[in-house]
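> Attaching a predicted model along with its sequence, questions to come.
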Amino acid sequence: MAEKKLAGQTALVTGASSGIGEGIALALGEAGANVIVNYNSNADTANEVVEKIKAFGSKAIAIQANVSKEEAVQAMFKQAIEEFGTIDILVNNAGLQKDAKFDEMTLEQWQTVIDINLTGQFLCAREAIREFLRRGPVPERSLATGKIICMSSVHEQIPWAGHINYAASKGAIKMFMQSLAQEYGDRQIRVNNICPGAIQTPINKAAWETPQALNSLMSLIPYNRIGQPSDVGKLAVFLASDDSDYITGASILIDGGMAVLESFVDGG
């Protein structure tokens, strides 16, 4: 039985119907948090996640919202706060890829990734911070007034040819997170990035679905295994709990060592 480190707290996880978002939502629920499972289009899978969280003894609801739309985000937060009274934790996870060679990339491919990956984080973080400031600290629940976890990537620091819109969005998220941590630290609002490397999810299926692809991927990962959504979920619980109360403004890599660039193991 997992320790209920987040008992009595409420977390909103965007893009939580599959992949990393699902892993985080389940981990937070297992740690005792009430969880709002945000999804964009697949209500069935979101409700399956809700039922899994309820099996841990936690409360959960699914709310549909396109995080790039201001009115949708505001309506989601309103519904969540009406249901649970407040929000203590935001996990800004929703994201996508629209890959193309740069000289062939369309404005739509660029804008869609920026809208979801970056503007979506702005809209959700703004609503969360407004709620944290309105509510103020609740010391018996958490030492922090509120916690925001932004989903970034190893590609906030590793360039990624063929994925320039994605890499640019993640590089921007680093400055977004650090600037928020700087601006609201004196209100005891903590903001951090989780930076996954290769995690076994549908978004990167081509990188692991065949033995050949997986073997090629291992040449980039010193620890020699692909990550799982549950790995990221455990880190999210740590960052949402008082165990990490002195951590803010940090980008934490969870990548099996990918960022140490194993391709240079023999001298490059």
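That came through fine. Numbers count the residues shown, from 1 in each chain.

> Tell me which helix or strand S58 sits in.
Remark: S58 resides in no helix or strand, with elements defined by DSSP states H and E.

> and the closest residue in space to it that isn't next to it in sequence, what element?
Excluding its sequence neighbours, the residue lying closest to S58 (C-beta to C-beta, 6 or more residues apart in numbering) is G29, at 4.3 Å. In short, each C-beta sits where N, CA and C put it, glycine included. According to DSSP H and E, G29 maps onto helix 19-30.

> surely N93 meets T14?
Yes - using C-beta atoms under 8 Å, N93 is in contact with T14, at 5.1 Å.

> what touches both of those two?
Common contacts of N93 and T14, defined by C-beta atoms under 8 Å, 6 or more residues apart in numbering, comprise G21.

> in the stretch 101-250 of the chain, which spans are helices?
For the stretch 101-250 of the chain, the helices defined by DSSP state H, counting those that start in this stretch occupy 107-114, 120-135, 164-184, 211-218, 229-240.

> how about these, which one is nearest G257?
helix 211-218 (11.2 Å; C-beta to C-beta).

> List the buried residues of the closest one.
Buried residues in helix 211-218, counted by 16 or more other C-beta atoms under 10 Å: 217-218.

> Please list the residues outside that helix that contact it.
198, 206-208, 224-226.

> what about 10 Å?
Contacting residues not belonging to helix 211-218 are listed as 197-198, 200, 204-208, 210, 224-226, 256, 258, 262 [C-beta atoms under 10 Å, 6 or more residues apart in numbering].

> out of those, which are buried?
Buried residues within the contacts of helix 211-218, counting neighbours by 16+ other C-beta under 10 Å: 197-198, 200, 204, 207-208, 226, 256, 258, 262.

> Out of the residues you listed, which is nearest to Y166?
Among the buried ones among the contacts of helix 211-218, and counting by C-beta to C-beta, the member closest to Y166 is N204, at 11.2 Å.

> close enough to count as contact, the closest one and P229?
No - in this structure, N204 is not within contact of P229 by C-beta atoms under 10 Å, at 11.9 Å.

> about what we covered before: need the buried ones among the contacts of helix 211-218 in TSV (columns: pLDDT).
TSV is the format used below for those (pLDDT from 0 to 100):
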residue	pLDDT
G197	96
A198	94
Q200	91
N204	75
A207	73
W208	72
I226	94
G256	96
M258	95
E262	87
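
> Any regions of the stretch 151-268 of the chain where pLDDT drops low?
By pLDDT under 70, the weakly predicted segments of the stretch 151-268 of the chain are 209, 268.

> could you redo the last one with a cut-off of 80?
For the stretch 151-268 of the chain, the stretches with pLDDT under 80 are 202-209, 267-268.

> If you compare the directions of the helix or strand where E51 lies and helix 19-30, what angle comes out?
Using DSSP H and E, the element containing E51 is helix 43-54. Interaxial angle, helix 43-54 versus helix 19-30 (axes from the mean of the first three to the mean of the last three C-alpha atoms, to 10 degrees): 30 degrees.

> Mean confidence (pLDDT) on the helix or strand just after helix 43-54, please.
The helix or strand immediately downstream of helix 43-54 is strand 60-64, counting by DSSP H and E. Mean pLDDT, computed over strand 60-64, is 98.

> Use 2 as the first number from now on
Happy to do that; since the first residue is 2 now, the last one works out to strand 61-65.

> Partner strands of strand 61-65, with direction?
Paired neighbours of strand 61-65 in the sheet (DSSP bridges): strand 35-40 (parallel).

> now the strand it pairs with and helix 121-136, what's the angle there?
150 degrees.

> which stretches of the stretch 2-151 of the chain have low pLDDT?
In the predicted model, the stretch 2-151 of the chain carries pLDDT under 80 at residues 2-3.

> picking that back up, comparing the helices of the stretch 102-251 of the chain, which stretch has the densest surroundings?
A comparison of the helices of the stretch 102-251 of the chain by mean neighbour count, using mean count of other C-beta atoms under 10 Å, puts helix 230-241 on top with a mean of 22.

> how far out from the middle of the chain is the helix or strand following that helix?
Sequence-wise, the next helix or strand downstream of helix 230-241 (DSSP H and E) is strand 252-255. Its chain's C-alpha centre and that of strand 252-255 lie 12 Å apart, by C-alpha atoms, centre = their mean, to the nearest Å.

> No more questions from me, cheers.
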